[in-house]
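In: Sequence and predicted structure, then a few things I'm wondering about:
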Amino acid sequence: MGQGSVVVMAYVVVFGGLGMLAGSAARVLLGRLRRGARVPPPYLELAVGSVWAGAGGWWSVGGLAAAWLPLLLGVGWLAVAAGAVDIACRRLPDALTLPALPAAVLLAVPLGGAAVGRALAGAAVLLGAHLAVRLTAPAALGAGDVKLAAALGAVLGAVSWPALLVGTLLASALTSMVALAELLARRFRPAEPGGAGGVPHGPAMLAAGWLVVAVAATGGVGTGA
């Protein structure tokens, strides 16, 4: 193994270890919420650790600029923590969605003043759009989805205006695909008594946001426009 490979592996191990600590912190935080959401170890630890290890290794080989790293790590942590709660409990806690907006804007600072401005504007645009859907069709979106939309809008806006549209459409497509798969599955097995209905939209929103940032960090999505 060459020296370069050793260095890359070291970054992967360090970022992975930090990610596991961040995942553990997420598990403790979720368990202590007023309406706690208990996620047994080591699921959050392994998920966040894997995301952070990949991002750290990617950065170490020059695959993405250092300015993108804080946003990529932050969105990855939120995607795992909030996504796990939404899947397990069908809700998005205010303790995660509300601080996510200022955190997203703060993590966009290394990308420059223009990115911060777009983040604020993107948050307003996506929040307004999701709030309009919530008011006209309450069954389509939960209140947590609307609050999460502000943070997601900040993340996507920090990338670019086209990214805001791409991320929104991708989130809708992912949720539609999961809903279709669930509908087809029900044709072959009866629904469990007392099971929660509907497909949570939060995980798709979070996954889309992280994917758009990850692609943009390598120049795959137009930035700064």
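Out: All right, it came through fine. Please read these numbers as outputs of a predicted model, since none were measured by experiment.
In: Convert the helix or strand encompassing Leu96 to CSV, retaining C-alpha atoms only.
Out: Under the criterion DSSP states H and E, the helix or strand holding Leu96 is helix 94-107. Once side chains and other backbone atoms are set aside, the C-alpha atoms of helix 94-107 remain, and they are given as CSV (Å, rounded to 0.1, in the frame of the first residue of the first chain):
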residue,chain,number,x,y,z
ASP,A,94,-39.0,20.4,16.0
ALA,A,95,-35.7,19.8,17.8
LEU,A,96,-34.2,18.8,14.5
THR,A,97,-36.1,20.8,11.9
LEU,A,98,-36.1,24.2,13.5
PRO,A,99,-32.3,24.4,14.3
ALA,A,100,-31.6,22.9,10.8
LEU,A,101,-32.3,26.2,9.1
PRO,A,102,-29.8,28.5,10.8
ALA,A,103,-27.3,25.6,10.8
ALA,A,104,-27.7,25.2,7.0
VAL,A,105,-27.1,28.9,6.5
LEU,A,106,-24.1,28.8,8.8
LEU,A,107,-22.6,25.8,7.0
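In: can you pull the contacts of the residue nearest to Lys147 when sequence neighbours are not counted?
Out: In space, Lys147 comes closest to Thr97 once its chain neighbours are excluded; the distance is 4.0 Å by Cβ to Cβ, 6 or more residues apart in numbering. Heads up, the C-betas are built off the backbone N, CA and C, glycines and all. With contacts defined as Cβ atoms under 8 Å, 6 or more residues apart in numbering, Thr97 is in contact with 82, 144, 147-148, 150-151.
In: quick one: low-confidence ranges for the chain?
Out: Within the chain, the stretches with pLDDT under 70 are 1-2, 188-197, 220-225.
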